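*Asks:* predicted model, plus sequence, below.
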Amino acid sequence: MNTIEEIRSQFPALQQLVYGKQLVYLDNGATSQKPQCVIDLVERMHTGANANVHRAMHKLSDDATALYEGARERVRQFINAPARENIIFTSGTTASINLVASSFCRKFVGEGDVVLVSGDSHHSNIVPWQLACQACGAEVKAIPVLEDGRLDMEAYRRMLSGRVKIVAVEHISNVLGIVNPVGEIIALAHAQGIPVLVDGAQGIVHAKVDVQEMDCDFYAFSGHKIYAATGSGVLYGRQELLEAMPPYMGGGDMVDTVTFERTTYAPLPLKFEAGTPNFIAQASLAPALEFAARLREGEIAGVVEEQERAIIEYLKGALTGIEGCRIYGLPEEASGVALGEPGSKIPLFSFNIERCFPSDLAQLLDKMGVAVRTGLMCCEPLMTRFGVTSMVRASFLPYNTLQEAEYFVASLQRAVRMLR
Ligand code: PLP
């Protein structure tokens, strides 16, 4: 693959027409389209290696297990985790955070303690902590978000105290598209002995993640946002913490011995993988991450980066040029920062346009072939912070072209004219 067109050609779903118009898919923050290598693997497993993993002594089960465990190794390499024991397969970011919130809080959080989350959090980095805190008498507090979309690091420093038992932050907000300074957040928390979970649902897609370099204690992400099949997800955890935490769900495969009186548990990572996993989806993480890795290496990496920069610069100018358009999460400092680095902006733009309802804009855009996201985006507290109940979001992946960005803006201008 040497060009964006060659990348695009790997994605059958991008080739389709919607309402007779060429599809322009800009809802990548919600889920990515799937490359042929992932589609092939899923088909190959459904038609061949379809048997439960880790359980049976037959060829199909061996094949499925090899693909499942091979994907775990691929994930380990992709995020540079020390060992397979650090990689827990889940159904996605939501499941990963629920696992940590429930299990960590049961063991380490009590009456009067605090869980600190970032103010730009997705509901899946808020509600699981609330549920866990309700059960143990602790409280969830949020690090405020500044007007330009950055986290208020001064406030964060003030909020870190002995009562904080864990910090859980977004790597990249799914609304603001800003890479948060997770390294600094982690260093400050660790200085006080507080572990940090990073919600990497968007981060894994747009930044290079090395969990050892980042020094996070937990990193959660979904496969479906980075080209893998839906139903795949990962929780990276520091081994000492995972060993100390109680199991989250009970059932098959997570046990060592079971009697009616007492059960002992399987070693990591299976201790946290109760029941039949979505083994085909998890196995698809291998070709998906290989694909993602290829886009970050060699000549094509430069092509992708150049295209992303061009799209960001174009959208900044073109959207600001629409009368009454407000973009959320556009810090001035972001321009000078390398893509994916803390403080940079990813090609994800959330905005509102005066006198136009976001849902009306999205519906008109849909009829022109452009798929965008609208609504609360699972971030109601952040919407409230900016005094709105909805936004429009256009989010891009390496398979999106500058021409698509231009068509999106022309379609948006047309929709605005129709609504005013
Ligand atoms: N966190 C962020 C930042 C997200 O963007 C999303 C999904 O949009 C999630 C968490 C939840 O991911 P999933 O629904 O795949 O569990």
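*Replies:* Cool, the structure landed. Residues are numbered from 1 along each chain as shown.
*Asks:* now for residue 355, how many residues are close by?
*Replies:* The tally of other residues near residue 355 (other C-beta atoms under 10 Å) stands at 9. Where you see a C-beta, it was placed from the backbone N, CA and C, and this is true even at glycine.
*Asks:* mind checking pLDDT for it?
*Replies:* If you check residue 355, the pLDDT there is 96.
*Asks:* how about residue 130?
*Replies:* At residue 130, the predicted lDDT confidence score is 98.
*Asks:* same deal with the one 5 residues further on?
*Replies:* Residue 135 is assigned 96 on the pLDDT scale.
*Asks:* so who does the residue lying closest to residue 137 once chain neighbours are set aside touch?
*Replies:* Excluding its sequence neighbours, the residue lying closest to residue 137 (C-beta to C-beta, 6 or more residues apart in numbering) is residue 111, at 3.7 Å. Residue 111 makes contact with 136, 137, 138 under the criterion C-beta atoms under 8 Å, 6 or more residues apart in numbering.
*Asks:* so which residues of the stretch 51-200 of the chain form helices?
*Replies:* Using DSSP state H, counting those that start in this stretch, the helices of the stretch 51-200 of the chain run over 59-79, 93-108, 127-136, 153-159, 182-190.
*Asks:* on that earlier part again, now, of the contacts of residue 111, which are buried?
*Replies:* The neighbour-count test (16 or more other C-beta atoms under 10 Å) marks 136, 138 as buried among these.
*Asks:* and which of the contacts of residue 111 is nearest to residue 19?
*Replies:* Nearest to residue 19 out of those is residue 138 (C-beta to C-beta; 49.8 Å).
*Asks:* now the closest one: closest residue in space that isn't a chain neighbour?
*Replies:* Excluding the flanking residues, the one nearest residue 138 by C-beta to C-beta, 6+ apart is residue 113, at 4.2 Å.
*Asks:* what sits against that neighbour?
*Replies:* 136, 137, 138, 139, 163, 164, 165.
*Asks:* pLDDT score for residue 338?
*Replies:* pLDDT, residue 338: 89.
*Asks:* that one - how many residues pack around it?
*Replies:* Neighbours of residue 338 under the rule other C-beta under 10 Å: 11.
*Asks:* what do you get for residue 207?
*Replies:* Residues near residue 207, counting by other C-beta under 10 Å: 20.
*Asks:* and if you look at residue 213?
*Replies:* Using other C-beta under 10 Å, residue 213 has 10 other residues around it.
*Asks:* how many neighbouring residues does the residue lying closest to it once chain neighbours are set aside have?
*Replies:* Take residue 213 and drop its neighbours on the chain: the residue closest to it by C-beta to C-beta, 6+ apart is residue 80, 7.2 Å away. Counted with other C-beta under 10 Å, the neighbours of residue 80 add up to 14.
*Asks:* check contacts around residue 80.
*Replies:* 209, 210, 211, 212, 213.
*Asks:* tell me the one of the residues you listed nearest the ligand?
*Replies:* residue 209 (13.7 Å; C-beta to the nearest ligand atom).
*Asks:* wait, isn't the closest one in contact with residue 203?
*Replies:* Yes: here residue 209 reaches residue 203: they are 6.3 Å apart, a contact under C-beta atoms under 8 Å.
*Asks:* which residues do those two both contact?
*Replies:* Common neighbours of residue 209 and residue 203, using C-beta under 8 Å, 6+ apart, are residue 171.
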